[in-house]
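Colleague: Sequence and predicted structure are below.
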Amino acid sequence: MSTKKLTTSAMIASIAEEGQETHSAPFGHALVELAKKHDDIVGMSADLAAYTDLHIFSREFPERFYQMGMAEQLLMSAAAGMAREGATPFITTYAVFASRRAYDFICMAIAEENLNVKIACALPGLTTGYGPSHQATEDIAIFRGMPNLTIIDPCDAIDIEQAVPAIYEHQGPVYMRLLRGKVPVILDRFPDYRFEVGKAKLLTEGQDVLIVSSGLMTMRAVQARDMLEKEGISVAVLHSPTIKPLDEETIVKEAQARNCLVVTAENHTVVGGLGEAVASALMRNGVHRPFRQIGLPDEFLAAGALPTLHDRYGISAKAVAESVKRWLGK
């Protein structure tokens, strides 16, 4: 009888394709490099530094790292106090705990006072197989209505590495969805790309479909675009890493430039996220195009292996390509 230890399917938690280039802990390493130049930066976590890549910072700057224990409400309040005293806290936890458990503390202690606190949260959307207790499928919807709060959803390791110094320079509170561990790289294909707070960037040209995407779904959109191009379908991909404030000007301009299907793609419930924000922007600006959403359903999701779950819920590259073909009648 074999004594090999078996792991559950939920342990398969990488979003990288087999053989895809990755960068290890891009958030942690970028924060260390930034903190070498700015001694006002402090790191704070709710007993999750090792699971949000903040342990990289804690090893380099132990005197500037604060472990607050399993108490997200305390974490947010303490970060607010740090910011009031002139520090720039970068704080980490899981996205579910920040959005569901600590919302009022972020609102009252940080956002209302417009304090310079940067909240970076791991396991956004469907990036864990551990089920609804850890899947932050509605965090953007929860936070979009909070005044003063900027919301960032980077797509890969390069985006994260560029976003860290950018959100430091941005004055005011920021909520950033964090891809952790060995994070895939996709933006190396677009050497002119530069992350800017509040700006969407066109990655690929195309005339049959415009995909407006954020987070890991930009990676999926680019992969789906490659599949569809082989079948003669021309796809433009517009990456929108800032969800709030949304770059409505660029989104409207790119939609106006193409009389084609507009698709939004997000690693988030279809309720209250990027899709509804883009639809609202197009309608308010008088841009009427066929419109579809790719996102997670309005339900509590299953546990299991991420590749299986991404196929099941329609956010794998193959599923994105199949949805676009269906909507085009191909």
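Modeller: On my side now, so go ahead. Numbers count the residues shown, from 1 in each chain.
Colleague: Now Glu266: closest residue in space, sequence neighbours ignored.
Modeller: Leu274 (4.3 Å; Cβ to Cβ, 6 or more residues apart in numbering). Heads up, the C-betas are built off the backbone N, CA and C, glycines and all.
Colleague: And for that neighbour, the neighbour number?
Modeller: 29 (other Cβ atoms under 10 Å).
Colleague: Please give me every residue in contact with it.
Modeller: Going by Cβ atoms under 8 Å, 6 or more residues apart in numbering, Leu274 touches 140, 153, 212-214, 240, 243, 264, 266, 268, 295.
Colleague: Which ones among these map onto strands?
Modeller: 212-213, 243, 264, 266, 268, 295 (DSSP state E).
Colleague: In TSV, list the residues you listed along with pLDDT.
Modeller: Formatted as TSV, these follow (pLDDT from 0 to 100):
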residue	pLDDT
Val212	99
Ser213	99
Ile243	98
Thr264	99
Glu266	98
His268	98
Gly295	98
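Colleague: Okay, buried residues for stretch 34-48 please.
Modeller: Residues of stretch 34-48 classed as buried: 34-35, 41-46, 48 (neighbour count, 16 or more other Cβ atoms under 10 Å).
Colleague: circling back to that earlier point, would you list the contacts of Leu274 in JSON lines and tack on neighbour count?
Modeller: Shown next, in JSON lines, are these (neighbours: other Cβ atoms under 10 Å):
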{"residue": "Ile140", "neighbour count": "30"}
{"residue": "Asp153", "neighbour count": "32"}
{"residue": "Val212", "neighbour count": "31"}
{"residue": "Ser213", "neighbour count": "30"}
{"residue": "Ser214", "neighbour count": "33"}
{"residue": "Ser240", "neighbour count": "26"}
{"residue": "Ile243", "neighbour count": "24"}
{"residue": "Thr264", "neighbour count": "27"}
{"residue": "Glu266", "neighbour count": "29"}
{"residue": "His268", "neighbour count": "28"}
{"residue": "Gly295", "neighbour count": "24"}
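Colleague: Tabulate those (CSV), appending distance to Leu306.
Modeller: Conversion of the contacts of Leu274 to CSV gives the following (distance: Cβ to Cβ, whole Å):
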residue, distance to Leu306
Ile140, 20
Asp153, 18
Val212, 24
Ser213, 18
Ser214, 18
Ser240, 23
Ile243, 22
Thr264, 21
Glu266, 16
His268, 16
Gly295, 16
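Colleague: I'd like the distance between Glu161 and Ser24.
Modeller: Relative to Ser24, Glu161 is positioned 12 Å away (Cβ to Cβ, to the nearest Å).
Colleague: Compare the two and say which is more crowded by neighbours.
Modeller: Taking other Cβ under 10 Å, Glu161 and Ser24 do not tie; Glu161 has more neighbours (21 against 13).
Colleague: check contacts around the more buried one.
Modeller: So Glu161 contacts 23, 26, 29-30 (Cβ under 8 Å, 6+ apart).
Colleague: now do Ala265
Modeller: Contacts of Ala265 (Cβ under 8 Å, 6+ apart): 211-214, 217-218, 220-221, 294-295, 315, 320.
Colleague: tell me the pLDDT at it?
Modeller: pLDDT recorded at Ala265 is 99.
Colleague: Show me what the helix or strand harbouring Gln223 is packed up against.
Modeller: Assigned by DSSP states H and E, Gln223 belongs to helix 216-229. Contacts defined by 3 or more Cβ pairs under 8 Å, 6 or more residues apart in numbering; DSSP states H and E place helix 216-229 against strand 201-204, strand 209-213, strand 235-239, strand 261-269, helix 317-328.
Colleague: Using TSV, lay out these together with distance to Glu229.
Modeller: What follows is the helices and strands packed on helix 216-229, written out as TSV (distance: least, Cβ to Cβ, whole Å):
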stretch	distance to Glu229
strand 201-204	9
strand 209-213	11
strand 235-239	7
strand 261-269	15
helix 317-328	10
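Colleague: for the most centrally placed residue in the chain, what are its contacts?
Modeller: Centroid check for the chain by Cα atoms, centre = their mean gives Asp153 as the closest residue, at 2.8 Å. Applying Cβ under 8 Å, 6+ apart to Asp153 gives the contacts 124, 140, 176-177, 214-215, 241-243, 266-267, 274.
Colleague: separation between Gly198 and Ile315?
Modeller: Where Ile315 is concerned, Gly198 sits at a distance of 25 Å (Cβ to Cβ).
Colleague: So between these two, which is more surrounded?
Modeller: Ile315 (25 against 17).
Colleague: Sticking with the more buried one, tell me its helix or strand.
Modeller: Using DSSP H and E, Ile315 sits within no helix or strand.
Colleague: So Ile142, which state does it fall into?
Modeller: Three-state call for Ile142 (DSSP: H, G, I helix; E, B strand; the rest coil): helix.
Colleague: Surely it is in contact with Ala102?
Modeller: No - with contact defined as Cβ atoms under 8 Å, Ile142 does not count as touching Ala102 (10.8 Å).
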